[in-house]
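J.: predicted coordinates and the sequence they were generated for:
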Amino acid sequence: LIQAEVEIFPLGHVFRISRGARTQAEVVTVTIEKDGVTGRGECVPYARYDETLESVIEQVESLPADIDRETLQDTLPPGAARNAVDCALWDFECKKLDQRIWETANIQKPEKNITAYTLSLDEPENMFKQAEKNSNRPLLKIKLGTPYDMPRLEAVRKGAPNSEIIVDANEGWNAEVYSQLAPQLVKLGVKLVEQPLPANKDDDLIGLPRPLPICADESCHDRKSLEKLIGKYDFVNIKLDKTGGLTEALLLKNKALEAGFKIMVGCMVGCYVTMSPATLLAQNATFVDLDGPLLLAQDRRHGLFYDESWDHPPLKDLWG
């Protein structure tokens, strides 16, 4: 039996990026039950890819009750719906075998990782306050992608002088703007910039000065997307809702490393269960951004444990 339902989690504060704002996380929870065993997975539909809560539930409900992970990869395209079902199948298999996910997947047991903490796009004075409040965190992520980015970044650096900073432009710049901003980003100690240009403008990155690494986010989905990124990006940001689940994400990570890319592991604004499978991908990644639960006002019980800016693998009662 496969079931899908919508669950709402309020955020601790309004979360803004260059494409809009939100006050809550909307997740689709998928449960798979058979012979008294229940597996659970979650996803966050993303409007950027024309996904809605309704379209994701429709995809999930179209699947046969006996779907397995291998068949699923060819039945649904990469995206949120396949992610939730894939992760539910992993959880089901772990519980059925009475194993932890790393044993079932035959991979390295995950350790805790430092996660970035994301500051919402806001006026410079408010971003200064956000940064100052979180200045104890070793890694901050800043949402930019507007014509007024430098005052915001300068305010964050002033508020958190000792934190490392990564920047996510969310496709908000063009090649000329990026070329002008890049030296200033370096001067302010930025370690990485995500998706500076729109995904359909990747070719404009060829030949641009590269004073700091560039990471593909919206341009990277699954293994099929990697070839066109070579020579344009230094990192790829692997997100389960883009790959369509842990199965493809593990394969993507291996292929990306073989192709010479460095790895960032990211997330949508989701909750504990949404993040849990990504903790396996985070092992040995250069940058980890799994702060979704830290942005919520309230989450599930038996959650991921966050120790300051360290995120820990999920407890058995939660997932995997």
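T.: Received it, and whenever you're ready, just let me know what you need. This one's a predicted model, so the numbers in the text were calculated from it and none came from an experiment. Residues are numbered from 1 along each chain as shown.
J.: show me what contacts Leu205?
T.: Leu205 is in contact with 175, 196-197, 214, 232-233, counting by CB atoms under 8 Å, 6 or more residues apart in numbering. Backbone N, C-alpha and C define where each C-beta goes, glycine included.
J.: for the residue nearest to Asn174 when sequence neighbours are not counted, give me phi and psi.
T.: Spatial nearest neighbour of Asn174, chain neighbours left out: Leu197 (6.4 Å); criterion: CB to CB, 6 or more residues apart in numbering. Backbone torsions for Leu197, taken as degrees, to the nearest 10, come to phi -110, psi 160.
J.: so what's the residue count around Val265?
T.: Residues near Val265, counting by other CB atoms under 10 Å, number 27.
J.: to clarify, my last question referred to Thr52.
T.: There are 14 residues near Thr52, going by other CB under 10 Å.
J.: surely it meets Val44?
T.: No. The pair Thr52 / Val44 is not scored as a contact, 11.4 Å apart, by CB atoms under 8 Å.
J.: by mean pLDDT, point me to the weakest helix or strand of this protein.
T.: Lowest by mean pLDDT, DSSP states H and E among the helices and strands of the chain is strand 306-307, with a mean of 80.
J.: wait, isn't Ile206 in contact with Tyr233?
T.: No. If you go by CB under 8 Å, Ile206 and Tyr233 don't touch, sitting 10.7 Å apart.
J.: would you mind telling me which of the two has the busier surroundings?
T.: Neighbours around Ile206 and Tyr233, counted as other CB under 10 Å, are more numerous at Tyr233. The numbers are 24 against 9.
J.: picking that back up, each with direction, which strands does the next helix or strand after the least confident helix or strand of the chain pair with?
T.: Next in sequence after strand 306-307, counting helices and strands by DSSP states H and E, comes strand 310-311. Paired neighbours of strand 310-311 in the sheet (DSSP bridges): strand 113-114 (antiparallel), strand 306-307 (antiparallel).
J.: pick the most buried one from those.
T.: Burial of these is given as mean neighbour count (mean count of other CB atoms under 10 Å); strand 113-114 ranks first at a mean of 18.
J.: what mean pLDDT does that strand get?
T.: Mean per-residue pLDDT for strand 113-114: 92.
J.: which helices and strands does the helix or strand that it is followed by pack with?
T.: Next helix or strand after strand 113-114 toward the C-terminus (DSSP H and E): strand 117-119. Judged by 3 or more CB pairs under 8 Å, 6 or more residues apart in numbering; DSSP states H and E, strand 117-119 is in contact with helix 124-133, strand 139-143.
J.: now find how far off-centre strand 117-119 is within its chain.
T.: 12 Å (CA atoms, centre = their mean, to the nearest Å).
J.: quick one: buried residues of that strand?
T.: 117-119 (16 or more other CB atoms under 10 Å).
J.: who's in contact with Val85?
T.: By CB under 8 Å, 6+ apart, Val85 lies in contact with 2, 30, 32, 41, 60, 63, 67, 72, 76, 245.
J.: so how far is Ala131 from Lys242?
T.: 28 Å (CB to CB, to the nearest Å).
J.: ranges for the helices of the stretch 151-300 of the chain?
T.: 175-187, 240-243, 246-258, 272-275, 278-281 (DSSP state H, counting those that start in this stretch).
J.: pLDDT on the first one, on average?
T.: Right, helix 175-187. Per-residue pLDDT over helix 175-187 has a mean of 94.
J.: for His13, find the nearest of the helices of the stretch 151-300 of the chain.
T.: Smallest distance to His13 across the helices of the stretch 151-300 of the chain (CB to CB): 18.9 Å, for helix 272-275.
J.: what lies in contact with the closest one?
T.: Counting by CB under 8 Å, 6+ apart, 27, 29, 40-44, 240, 267-268, 290, 292-293, 299-300, 302-304, 311, 314, 318-319 sit against helix 272-275.
J.: burial of Leu72, as a residue count?
T.: Neighbours of Leu72 (other CB under 10 Å): 19.
J.: contacts only, for it.
T.: 63, 82, 85-86, 89, 245, 247.
J.: before we move on, what about Asp311?
T.: Counting by CB under 8 Å, 6+ apart, Asp311 makes contact with 112-113, 115, 275, 279, 282, 288, 290-291, 304-305.
J.: skip the chain neighbours and tell me the closest residue to it.
T.: Of all residues not flanking Asp311 in the chain, Thr115 sits nearest, at 4.7 Å (CB to CB, 6+ apart).
J.: how far away is the one you found from Val265?
T.: 9 Å.
J.: shared neighbours of these two, anything?
T.: Common neighbours of Thr115 and Val265, counting by CB under 8 Å, 6+ apart, are 288-290.
J.: just the buried ones among the residues you listed, please.
T.: 288-290.
J.: export those to CSV and tack on pLDDT and distance to Gly145?
T.: Below are those laid out as CSV (pLDDT from 0 to 100; distance: CB to CB, whole Å):
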residue, pLDDT, distance to Gly145
Val288, 97, 22
Asp289, 96, 16
Leu290, 94, 21
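J.: between those, which is closest to Cys220?
T.: Proximity of these to Cys220 was ranked by CB to CB; the top entry is Asp289 with 13.9 Å.
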